[in-house]
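Student: Here's my sequence, what's the structure:
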Amino acid sequence: MIQIAILGLGTVGTGVAKVVAENAKQIERKLGEPLQVKAILVRHFKDGPYRQLMTDDFRKIEEDESIRVVVETIGGVEAAYEYTKRALQAGKHVVTANKQLVAERGCELLELARKKNVSYLFEASVGGGIPVLHPLTQCMAANRIDEVYGILNGTTNYILSRMVRTGAFFSDALREAQAKGYAEADPTADVEGIDAGRKICILADLAFGYQVDPAVVPMEGISRLSLRDVKIAQRAGYRIKLLGRAVRMPGGGRTAYVAPHLIPEDNPIANVEDVFNAVMIRGNATGDVMFYGKGAGELPTASACVADVMECLQASPRREEIGWAADTTGFVDPEQLRTRYYFRIEGSLTDAAMAFGQVEVLSEDGETAFLTDAISGQDAADQSQRLNVLACMRVLA
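Tutor: Here you go, the predicted model:
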C-alpha cells in the first residue's frame, strides 16, 4: 500500500481524493500496488466523506515515513511554500497545481528536490487537465523551442466567447461567468491577465531553460476591452483572444507577456471557445504543435495531479529533465518584438497614414480602425502619441 497526503481540501484537493478512490483499480494496475490517501491537511475540520483523514497538524504528515508523496493544493505562496519545502526536506515527493508558487519559487524548490533525490512535479499548474509540460520537456526534447503561446485562462476565454456569440458587453459576460462558477467573486487574477502570466512564466522557464521573473512580465487583461473592437475584428476575419506568449529573440534573449491579440480565423487557436484552453509550442524541428482541453476544474486538474503522483512513484529515482537555471539575465522587453498592430482611433485614415504609413483599413465611420505593418511595440507607442487612440492590440501573425 502506497500512502500519500493532500494539503488542502478545496476544489482540487477534493478532486484528487475522488480520482484516487474512483480510479483505484487502474492506478493499482499501473503502480503494482494500491494507492491510498492517508491524511488531508485542513485549517478547519468539517463533516463529510474525508472527515477521518483530516488533520490540522502538518508535522503528522512531515514525520510520517509511510507517506511518500504530498499533493499541495493550498494555493498562494506563503503556507504552500513552507509546507512544500518541509516535505521535500523530509524526503517526500511533492506534486502541485499551484501556478503562483511554481512561477515564483519553482527554481529553488526544484533544486531542493534534486538535493534530496526526490521529485517536485507540477503538470497541473499550467494546463489543468491538459498534458503540456511533460510533452514540452520530454516529447519535444530534441527541439529548440522558439515560441510558446496560448489561451491559458478559461474564464477570460469564456467571456470573450460570449461577447462574440451574443454581443454581450464585458461586464455582462463577466457576471454570467460568475453565475456559472467559471469566475471567482473577485475575478482580478483572471481578467487582468495575472493567472495567464504565471502560467506563461512556467512555460518560458521550461522552454528556454532560464528563470523568467513574473515581476518583469507585462500582464494585460481584458477588462478594458470594448465590444466594438470585438465586432470589428470579427467582421474582418479575426478573433480576439487573451494570449500568454513567450518568444526566443534573435541573439538568444527571451521575452514573455500577456495581452489581448487579434488572431486570424484560420489559426486553430482562434476557434478555441468557452472555458477551453490551448497551448501552441513551436519547435525548430516539429513546427507548431497544439495541446487543447479543459484547463481547469476539479477532476481535470486532479487527474494531472494524480498522474504526477504516479510518475513520482514510478520514476527511478526522479525526472532529470525538469528544471531551469536561476539566471534571469537575457530577458528582453517585449516592446522590442515586431508584429502588426490593430488600432482604433478618433480620426481619419489620413491621420493613420501620417503616423504609420501604409495601413489596412478595417472600419471607417467617424472612427478609424486599421492594421499596421510589422512594427515594434515601442514604435507603436511612440507613433500613437500623435493620435487619439481608442484601442490598441497586437496581431498574431
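
Student: can you tell me which helix or strand the one residue sitting closest to the centre of the chain belongs to?
Tutor: Among the residues of the chain, the one closest to the centroid is residue 199, at 3.0 Å (Cα atoms, centre = their mean). Secondary-structure assignment from DSSP states H and E places residue 199 in helix 194-208.

Student: what about that helix, distance to the chain center?
Tutor: 6 Å (Cα atoms, centre = their mean, to the nearest Å).

Student: Check stretch 115-125 too.
Tutor: Going by Cα atoms, centre = their mean, the spacing between the C-alpha centre of stretch 115-125 and its chain's C-alpha centre is 18 Å.

Student: residues making contact with it?
Tutor: The contact list for stretch 115-125, computed with Cβ atoms under 8 Å, 6 or more residues apart in numbering, reads 12, 84, 88-89, 91-99, 102, 106, 109-110, 112-113, 131-134, 199, 202, 301-302, 304-305, 307-308, 311-312, 315, 317-319, 322. In short, each C-beta sits where N, CA and C put it, glycine included.

Student: Got a ChimeraX select line for the buried ones in the residues you listed?
Tutor: Only the buried entries of the contacts of stretch 115-125 go into this ChimeraX selection, using 16 or more other Cβ atoms under 10 Å:
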select :12,84,88,92,93,94,95,96,97,98,99,102,106,109,110,112,113,131,132,133,134,199,202,301,302,304,305,307,308,311,312,318,319,322
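
Student: Go through the contacts of stretch 115-125 and flag which are in helices.
Tutor: 12, 84, 88-89, 99, 102, 106, 109-110, 112-113, 133-134, 199, 202, 301-302, 304-305, 307-308, 311-312 (DSSP state H).

Student: For the stretch 201-350 of the chain, which segments count as strands?
Tutor: Per DSSP state E, counting those that start in this stretch, the stretch 201-350 of the chain carries strands over the ranges 238-248, 254-264, 276-283, 287-294, 338-345.

Student: Ok, which of the ones you listed comes nearest residue 210?
Tutor: strand 254-264 (6.8 Å; Cβ to Cβ).

Student: residues of the closest one that come out buried?
Tutor: For strand 254-264, the neighbour count (16+ other Cβ under 10 Å) marks 254-263 as buried.

Student: Looking at those, which is nearest residue 42?
Tutor: Of all those, residue 42 sits closest to residue 258, with 33.1 Å by Cβ to Cβ.

Student: mind listing what that closest one touches?
Tutor: If you count contacts by Cβ under 8 Å, 6+ apart, residue 258 has them with 152, 193, 196-197, 200, 217-221, 242-245.

Student: Many thanks, I have nothing further to ask.
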